[in-house]
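A predicted structure for the sequence below; I have some questions about it.
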Amino acid sequence: MESRQSSRGSGGSTGAQLWYGSEDDSRRCGPVLHRCRTRCGDGDQACGHQACGRHRPRVCRPPPRAANGCADAYVDHRRCNRGLRSGFLGQAGSGCICLVNRAKRVDVSRIDGVAVRVLLVSPAFHGYARAMAMALGAIGHEVSVHLYDRPVDMRSRVGMRLLHRPPEGGQAVWARAELTVRAIGALRSIRPEAVLVVKGDQFGSDWWEALSESGVPHVTWFYDELRRMRYSAEQLSVVGPIATYSACDVRTLAASGITVTHVPLGFDALADVVDRSHEGISFVGARYPGREATLRRLVAAGVTVKAFGRGWSRRPLDIIRSGQFRHPGVASGPQLDRSESYGLMKASAATLNLHGDQDGFTMRTFEAPGVGAVHICDRQDVAMHYEIGAETLVFSTEEELAEICHRVLADPVWAGSIRERGRKRTLAEHTLVHRMRTLETLWA
């Protein structure tokens, strides 16, 4: 039986709100009062919760410190279908409110004492856009999210796929122009006081011109290497200030005279964790030949290991969608959502982090120790973030990896100390809230 629990700590209320919806919905469906699951002293409707008529609340409790004395709680409505289709998750104050969150709180100290209206412009990125928005909300900002790569129809879906497959044809050019126009529309509609662009290399020059002309402070954060993105040297000179997870790209950009800051990825400490059971070593991620070979050798060395992800899964639909018809040669499971993967890593004897062709550190580098897992990494330079041997484990050869796995399985007390110290360091220094605090100093 799986259960869902929060990985976050308690803290004072920030008063921040996240609003998901669209202006189009606010014109089409008037707000209606709905009944609260928890009765308030002045009656169910005294809380004044509102939602558009098409939405049934998944959770509905009184807002914190309401006038009628309701206890702290949160409202979490189902996402607005029209908002998701349009790729525009609209602005605060719209009639269609799909998410108001006040329960996900952390202790914060405002850098300048001022909360601002932030527009987060991001790819969908496995749900991390929402995690970033929650982190910004946790430090007091009012956040609107625009998912620029979410297709609105079949034509745009095809175009988005073609954008990632050079050479770029007419359909891809059309898709780039469309997503640029939509992003400009969100900028002009929301009228933010600050903009955080995540990656953003699919935008045409019109977007950057509109952002510059708006005069709104902004920062662009890269979670990928420059060599994998479509930025020209001219574009890089106008998208800044730039933050990147790649220390190598920091040196490259700085040498070109571009303002750049190293901001690694981080752990979503505000996410829920779905408890799971798993006794062996786990790997969660995409299936690449190098990773498959490493896991096969672990199995040959007598290590119990299981890989999770669509490319590893033997479910018929996953096989068709991934095109991975050959068995991976190791035990495998399906793709997990982030909350499930967090629970799996936490329950595993240890979890593997195999980077491959990357010079920045993946989210997994911080997520694994963040949830209290024994994190086994393939890079010695992780020492810039964690103490090797005390907070995280590192291997250089596959023989060394097998030895580490055998010791983890044989010595749970030692492994437990790695879990505890890694989690403590992560929560102190490496959460997405920490990263958002750094980014807000760049747009200030």
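Right, received. Where do you want to start? Bear in mind the structure is a predicted one, so any value in this text is a computation, not a measurement.

Make sure L119 is indeed in a strand.
Yes - counting by DSSP: H, G, I helix; E, B strand; the rest coil, L119 is located in a strand.

Low-confidence ranges, the stretch 301-444 of the chain, go.
Applying pLDDT under 70 to the stretch 301-444 of the chain flags the ranges 444.

Let me see the ranges of the strands in it.
Taking DSSP state E, counting those that start in this stretch to define them, one finds strands in the stretch 301-444 of the chain at 305-308, 331-333, 350-353, 375-377, 393-394.

so how far is T441 from S144?
According to C-beta to C-beta, to the nearest Å, S144 and T441 sit 21 Å apart. Any C-beta I mention is one placed from the backbone N, CA and C, and that applies to glycine too.

cool, D359 as well?
From D359 to T441 the distance is 24 Å (C-beta to C-beta).

picking up where we left off before, between S144 and T441, tell me which one has more neighbours.
It is S144, of S144 and T441, that has more neighbours when counted by other C-beta atoms under 10 Å, with 25 against 12.

Just the mean pLDDT for the host helix or strand of that one, thanks.
Per DSSP states H and E, S144 falls inside strand 142-147. Across strand 142-147, the average pLDDT comes to 94.

oh, and call the first residue 662 from now on, that's how I've got it
From this message on, residue numbering opens at 662, which makes the last subject strand 803-808.

how much distance is there from that strand to the middle of the chain?
Its chain's average C-alpha position is 13 Å from that of strand 803-808, according to C-alpha atoms, centre = their mean, to the nearest Å.

May I see the buried residues of that strand?
Judged by neighbour count (16 or more other C-beta atoms under 10 Å), strand 803-808 contains these buried residues: 803-808.

What is the nearest of those to Q985?
Nearest to Q985 among the buried residues of strand 803-808 is L808, at 27.3 Å by C-beta to C-beta.

burial of the nearest residue to G951 once chain neighbours are set aside, as a residue count?
Nearest non-adjacent residue to G951, counting by C-beta to C-beta, 6 or more residues apart in numbering: G1017, 6.1 Å away. Residues within reach of G1017, counting by other C-beta under 10 Å, total 12.

Now for G1017: which residues touch it?
By C-beta atoms under 8 Å, 6 or more residues apart in numbering, G1017 lies in contact with 949, 951-952.

follow-up on the earlier one: turn the strands of the stretch 962-1105 of the chain into a markdown table, including mean neighbour count and distance to S898.
Shown next, in a markdown table, are the strands of the stretch 962-1105 of the chain (neighbours: other C-beta atoms under 10 Å; distance: least, C-beta to C-beta, whole Å):
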| stretch | mean neighbour count | distance to S898 |
| --- | --- | --- |
| strand 966-969 | 22 | 41 |
| strand 992-994 | 18 | 45 |
| strand 1011-1014 | 27 | 34 |
| strand 1036-1038 | 26 | 35 |
| strand 1054-1055 | 22 | 37 |
